[in-house]
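>>> Okay, here's the prediction I keep looking at, along with the sequence it came from:
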Amino acid sequence: MSTTTYLTDAVTLGTGLLLARLILGVLMAAHGTQKLFGWLGGYGLAGTAGFFEQLGFRPGHLFVVTASLTEMLSGILIALGLFGPVGPALLLSVMIVAAVSVHWKNGLFAGTNGIEVPLLYAVGAAALALTGYGPFSLDAVLGIDHTWTPAIKVVALAVGAVSGVLNLLARRSAGVAATA
């Protein structure tokens, strides 16, 4: 492979990763603002807290603030290409919770409010965590992109997955909440 071909491939790969990061990151950050601030057609903190309580996440306000900030932070980190697998691990955590608590019962496809969208977010995040953010990222600019070894990437994603499962285990049914 010639040097010119290698550089062209690196630019193409970097541009693809940048595009994926920007779309995934900005959309996830915006998703968080819907819950927290009611922006972009969202229900805001009060409306979303009531929904979270119906799902068994009590106190609803605490869970909404945590989920919203996690979505916003993960999206910002991914869009900027900063701190390697941390943003994708955070995103994976909230998407596991969304997929299981809201979408699972509705099947696969988004048309029936199935798990399609959270699954796409989660897989996109995992793919970015495993491949790295590319040359057009803050990690590359700061020279920390090589910090994220394959083992660290896998551990970060595992921590994200376990965090999502622990969050699901924190849910309480209406009967349990009434007696607590």
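Great, that's in hand.
>>> Longest helix in this structure, by number of residues?
Taking DSSP state H as the criterion, the chain has its longest helix at helix 3-37.
>>> Can you name every helix or strand that that helix contacts?
Counting contacts by 3 or more C-beta pairs under 8 Å, 6 or more residues apart in numbering; DSSP states H and E, helix 3-37 packs against helix 44-54, helix 60-80, helix 86-98, helix 116-131. Every C-beta, even on glycine, is put in place using the N, C-alpha and C of the backbone.
>>> Go again with 7 Å.
helix 44-54, helix 60-80, helix 116-131 (3 or more C-beta pairs under 7 Å, 6 or more residues apart in numbering; DSSP states H and E).
>>> among these, which is the most enclosed?
Mean neighbour count (mean count of other C-beta atoms under 10 Å) peaks for helix 60-80 among the helices and strands packed on helix 3-37, with a mean of 21.
>>> Redo the helices and strands packed on helix 3-37 as CSV? Include mean pLDDT and distance to L24.
As requested, the helices and strands packed on helix 3-37 are exported to CSV (pLDDT from 0 to 100; distance: least, C-beta to C-beta, whole Å):
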stretch, mean pLDDT, distance to L24
helix 44-54, 96, 21
helix 60-80, 98, 6
helix 116-131, 98, 5
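>>> among those helices, which is nearest N167?
Nearest to N167 among these is helix 60-80 (8.0 Å), distances taken as C-beta to C-beta.
>>> nearest to P150, of the helices and strands packed on helix 3-37?
Nearest of those (C-beta to C-beta): helix 116-131, 7.8 Å.
>>> how many degrees apart are the closest one and helix 86-98 in direction?
Orientation of helix 116-131 against helix 86-98 (axes from the mean of the first three to the mean of the last three C-alpha atoms, to 10 degrees) gives an angle of 150 degrees.
>>> Low-confidence regions, this protein specifically.
Within the chain, the segments meeting pLDDT under 70 span 1-7, 173-180.
>>> at 80 instead, please
Judged by pLDDT under 80, the chain has its weakly predicted residues at 1-8, 173-180.
>>> residue contacts, the residue sitting nearest the centre point of it?
The centre of the chain sits closest to L91, judged by C-alpha atoms, centre = their mean, with a distance of 1.6 Å. Going by C-beta atoms under 7 Å, 6 or more residues apart in numbering, L91 touches 28, 74, 78, 121, 125.
>>> Grab the nearest non-local neighbour of the third one.
Put plainly, it is I78. G25 (3.5 Å; C-beta to C-beta, 6 or more residues apart in numbering).
>>> buried set for the helix or strand hosting L157?
Assigning secondary structure by DSSP states H and E places L157 in helix 150-169. The neighbour-count check on helix 150-169 (16 or more other C-beta atoms under 10 Å) flags 153, 156-157, 159-161, 163-164, 167-168 as buried.
>>> Which of these sits closest to F83?
A156 (9.5 Å).
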